[in-house]
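>>> this one's structure only:
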């Protein structure tokens with residue numbers, strides 16, 4: 001039996017992983033976009049979003065390291081620490097910042113815009129806390145008599161949404177329109193984050209392999225509601 005070509009096999013696994021990540025991001029964002037969805041009962045949305053974010057960040061890091069001829073520790077990303085997506089996010093954006101200095105000003109602007117976004121840090125913190133074992137299993141732990149101290153994992157998302165409602169001018173005369181507007185502000189924040197990854201791959205910030213596979217993470221997945229994808233159209 002002929003052994004599969006290692007390059008072909010790697011390409012297959014890379015494309016498959018990126019497909020999984022974008023599908024998870026899309027399905028999670030579709031849920032969040034619904035006015036009926038509430039962060040205090042995140043359901044599958046936080047699980048899908050946190051896993052999608054984690055997969056995209058890990059793949060980005062691995063592809064970047066491979067492009068520089070560096071091997072990644074086989075234990076990287078394994079165990080409880082492997083779900084520390086806020087730390088992963090910082091590590092990946094450090095790569096982008098360093099590489100963008102030799103790229104176009106467009107990339108520097110996109111990265112700066114994403115890092116200064118008024119809601120993203122709180123969104124990321126919520127997903128980071130959810131990804132940690134005490135966050136994912138908070139309700140199950142409570143049922144077996146183990147209560148966790150501190151804020152629930154969705155607290156920072158809730159705080160971001162409250163600020164978004166304030167920004168939409170909704171607290172004085174709260175309407176369905178204000179709630180929809182505030183939720184779209186958070187969706188735009190998330191889509192900016194996704195879009196900067198797409199452009200970073202496309203512009204070669206993580207090497208030629210990233211550039212080759214950039215179309216796989218374009219924020220216009222078949223699973224994503226077109227109205228959400230339209231938030232970053234033409235950027």
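Sure thing, it's come through. Everything quoted here is computed from the prediction, not taken from an experiment.
>>> and the gap between residue 102 and residue 197?
Distance, residue 102 to residue 197, by C-beta to C-beta, to the nearest Å: 18 Å. The way it works is simple: take the backbone N, C-alpha and C, and place the C-beta from them, glycine included.
>>> which one of these two has more residues nearby?
Neighbours per residue (other C-beta atoms under 10 Å) separate residue 102 from residue 197, with residue 197 holding more: 27 against 9.
>>> residues in contact with the spatially most central residue of the chain?
Centre of the chain computed as the mean C-alpha position; nearest residue by C-alpha atoms, centre = their mean is residue 53, 3.4 Å away. Contact partners of residue 53, counting by C-beta atoms under 8 Å, 6 or more residues apart in numbering, are 25, 85, 89, 124, 127.
>>> make it 6 Å
85, 127 (C-beta atoms under 6 Å, 6 or more residues apart in numbering).
>>> That one sits in which helix or strand?
helix 44-67 (DSSP states H and E).
>>> Quick check: buried residues in that helix?
Neighbour counts over helix 44-67 (16 or more other C-beta atoms under 10 Å) mark 45-67 as buried.
>>> swap in stretch 173-191?
If you call a residue buried by 16+ other C-beta under 10 Å, then stretch 173-191 has these buried ones: 178-179, 181-191.
>>> which residues sit against it?
Against stretch 173-191 from outside (C-beta under 6 Å, 6+ apart): 117, 119, 120, 164, 165, 168, 170, 228, 231, 232.
>>> same thing with stretch 154-172?
So stretch 154-172 is contacted by 39, 40, 42, 119, 122, 125, 126, 178, 181, 182, 185, 186 (C-beta under 6 Å, 6+ apart).
>>> Repeat that for stretch 16-36.
The contact list for stretch 16-36 (C-beta under 6 Å, 6+ apart) reads 37, 45, 48-49, 51-52, 55-56, 59, 216-217, 221, 223-225, 228.
>>> Quick check: buried residues in it?
In stretch 16-36, counting by 16+ other C-beta under 10 Å, buried: 17-18, 21-33.
>>> cool, stretch 117-137 as well?
For stretch 117-137, using 16+ other C-beta under 10 Å, the buried residues are 117, 119-132, 135-136.
>>> how far is that stretch from where the chain is centred?
Once both centres are worked out by C-alpha atoms, centre = their mean, to the nearest Å, stretch 117-137 turns out to sit 10 Å from its chain's centre.
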